[in-house]
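Engineer: any chance you could fold what I've pasted below:
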Amino acid sequence: MRLHPHLNFDGRCAEGFKFYEQCLGGKISFSMTYGESPAATQVPADWSKKIIHSTLQVGDDQLTGADAPPNWYQKPQGFHVALDIKDAAEAERIFKTLVENGSVQMPLQETFWAQRFGMCTDRFGIPWMVNCSKPV
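Structural biologist: You can find the predicted model right below:
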C-alpha cells in the first residue's frame, strides 16, 4: 500500500501543478481536463479546461489533484502536505518558493528535532510542513 496526497483546487489546479513541478523538481506524468473526460457534458462549458485529474511524480512519490467543482470545493484545513528533505539548503529553497504570495505559520528554523522545520500555506491555499531532520 502507498499513500498519495490528493489536493482539491478552486479552479487553479493546472497552475498549481506547474508551480509544484518546478518547486519540487517533479514531473507531471498525467493531466486531463473535464472537457477531455466522460464528465464533459456534466460540467458548465467554462469548466471544460479545468483539471479533472493530474498526477505529479516526485521520485517514488506522487501528488494528485483536481479542480473541485465550485459547489464541491472546500478550503483545505486540518492537514498539511509534509515534505522531508535531506539537505537544509534545499529545504530553505523549497520553503521560500512555497511561501511566495502565501503565508507563514511557523518560520523555517532549527528545532530540537530538525535542522530546519517550518509551516506555510502557499498561494493556492495548500498548507505545507517542510522538515529537514538532524543527522542521527
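
Engineer: and Ala14, backbone torsions?
Structural biologist: Dihedral angles of Ala14 (phi, psi; degrees, to the nearest 10) stand at phi -60, psi -50.

Engineer: how near is it to Val104?
Structural biologist: Distance from Ala14 to Val104, counting by C-beta to C-beta, to the nearest Å: 26 Å. No exception for glycine: its C-beta is placed from N, CA and C like everyone else's.

Engineer: between the two, which one's more packed in?
Structural biologist: Ala14 (18 against 13; other C-beta atoms under 10 Å).

Engineer: ok, and the closest non-adjacent residue to that one?
Structural biologist: Closest residue to Ala14 apart from its sequence neighbours, by C-beta to C-beta, 6 or more residues apart in numbering: Ile51 at 5.4 Å.

Engineer: number of residues surrounding the closest residue in space to Gly35 that isn't next to it in sequence?
Structural biologist: Leaving out its chain neighbours, the residue that sits closest to Gly35 by C-beta to C-beta, 6+ apart is Ser48, at 3.2 Å. Look at Ser48: counted by other C-beta under 10 Å, it has 13 neighbours.
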